[in-house]
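Visitor: 3D model of this:
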Amino acid sequence: MSSKVLFGFHAVTVRLKTAPSSISEIHVDSTRRDARMRQFVERAKEAGAKLVDSDDERLSRIGGTTRHQGVVAKVSPLVQQHSLDDVLDQVPGDPLVLVLDGVTDPHNLGACLRVADGAGAHAVVAPRDHAVGLNATVAKVASGAAETVPYLMVTNLARTLNELKDRGLRIIGTSDDAERTVYDVDLTGPVALVLGAEGPGMRQLTRKTCDELVRIPMRGAVESLNVSVASGVCLYEALRQRGGAGGAGA
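Guide: Numbers count the residues shown, from 1 in each chain. This is a model prediction of the structure:
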C-alpha cells in the first residue's frame, strides 16, 4: 500500500489516536524542546510509534512544506468507506451531509472538513472533477477532521444528489439571490446542504437539482462569505435546530 504524509501537531495526533498502527514513522524537530513537543513525543511513544530526530530542512523536504510545526509522519492511507450508501447506512438517525461543488483550494476544504466534524455532519461530498482531493495541506488545516469525516468524491454530482433524494434527503442549496434565509427553513430530518465555491457558486445543474435555495443574510459591505465560513453558518444552524449539543441526527 502506498504511503502518504501528514504534518502538524493536530493532524498527526489524531492519527495517533485513531490508527496508530498505520504510522510507519514520525519525524520530529530535534531542536524543539518546548512543552508542546515534549507532550507530543510522550504521546507518540505511548502509542508505540517510531520517532526519528530530523532537522528543519529534512522535515520540509519530507512534508513538502515549511509549515510542518516540527512534526511530519509517514503513514499508510486509511481504508475509506466504499460509497456514500455505505456511510449513510451506518447513520443511526437523520443524516446531515455537506456537499461542496467546485471547492478546489485545499485550505478551504480542510476548513470545511473541520467545520463538518464540529457540527456532526456524517459526510462531505464533492465532484471528482471539480474539487481538490485529500492531501497533506488539507489534513493540516482540518486539524484531524480529514481522518474522522468521510470525504467522498463522486463522478456525477447531480446524479448523486438525486440518489440522496431517493433516500429521503432534502437537498438545500445556498445562493445569494434566494428569497429565504438559512434561518427560515426547516433543517431537521435528513438533509444535504450544498455550497458552491466562493465566487462562481454552484454550477447550474447542481442548482437545478436542489429542492430549495437559501441565502445567508449579509448586513455589511462584503457580498459573500468564504465557503468554509458559510459551511459553518449552515451546519451549525442545522445543529441548533436538531438539538444543539445532542449532535446531528440526535
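Visitor: only C-alpha atoms from now on, for both contacts and neighbour counts.
Guide: Will do.
Visitor: OK, contacts around the residue lying farthest from the centre of the chain?
Guide: Distance from the centre of the chain peaks at residue 31, with 32.2 Å (Cα atoms, centre = their mean). By Cα atoms under 8 Å, 6 or more residues apart in numbering, the contact list for residue 31 reads residue 55.
Visitor: and it, that's in a strand?
Guide: No. Using DSSP: H, G, I helix; E, B strand; the rest coil, the assignment for residue 31 is coil, not a strand.
Visitor: quick one: the spatially most central residue of the chain from residue 20, how far?
Guide: Nearest to the mean C-alpha position of the chain, counting by Cα atoms, centre = their mean, stands residue 113 at 1.6 Å. For residue 113, the distance to residue 20 (Cα to Cα, to the nearest Å) stands at 21 Å.
Visitor: next one: residue 160
Guide: 33 Å.
Visitor: next: residue 159.
Guide: From residue 159 across to residue 20, the span is 37 Å (Cα to Cα).
Visitor: comparing those two, which shows the higher neighbour count?
Guide: residue 20 (17 against 13; other Cα atoms under 10 Å).
Visitor: how far is the helix or strand of the chain with the lowest mean pLDDT from where the chain is centred?
Guide: Using mean pLDDT, DSSP states H and E, the weakest-scoring helix or strand in the chain turns out to be helix 145-148, at a mean of 82. Here helix 145-148 shows a centroid-to-chain-centroid distance of 7 Å under the convention Cα atoms, centre = their mean, to the nearest Å.
Visitor: ok, residues contacting whichever helix or strand comes after that helix?
Guide: Remark: after helix 145-148, the chain's next helix or strand is strand 151-154, criterion DSSP states H and E. With Cα under 8 Å, 6+ apart as the test, strand 151-154 has contacts from 83, 84, 123, 124, 125, 126, 127, 128, 133, 160.
Visitor: check stretch 191-211 too.
Guide: Against stretch 191-211 from outside (Cα under 8 Å, 6+ apart): 94-104, 157-158, 161-162, 164, 169-175, 224-227, 230-231, 234-235.
Visitor: start to end distance for it?
Guide: With Cα to Cα as the measure, stretch 191-211 spans 10 Å from end to end.
Visitor: now that stretch: mean pLDDT?
Guide: For stretch 191-211, mean pLDDT is 92.
Visitor: can you list the buried residues in it?
Guide: Neighbour counts over stretch 191-211 (16 or more other Cα atoms under 10 Å) mark 191-198, 201-202, 206-207, 209-210 as buried.
Visitor: cool, stretch 37-56 as well?
Guide: Residues of stretch 37-56 classed as buried: 37, 40, 41, 44, 49, 54, 56 (neighbour count, 16+ other Cα under 10 Å).
Visitor: tell me where the model's unsure across this protein.
Guide: Along the chain, the model assigns pLDDT under 70 to residues 1-3, 79-82, 245-250.
Visitor: domain parsing for it?
Guide: Following automatic domain parsing, one finds the domains of the chain at 4-75, 84-246.
Visitor: would you map the helices across this protein?
Guide: 9-18, 35-46, 56-63, 84-89, 106-119, 136-142, 145-148, 157-166, 204-209, 227-241 (DSSP state H).
Visitor: can you say which of those helices is nearest to residue 74?
Guide: Between residue 74 and the helices of the chain, the tightest spacing by Cα to Cα is seen for helix 56-63, at 8.6 Å.
Visitor: and residue 168, its phi and psi?
Guide: As for residue 168, its main-chain torsions (degrees, to the nearest 10) stand at phi 100, psi 10.
Visitor: neighbours of it, how many?
Guide: Number of residues near residue 168 (other Cα under 10 Å) recorded here: 14.
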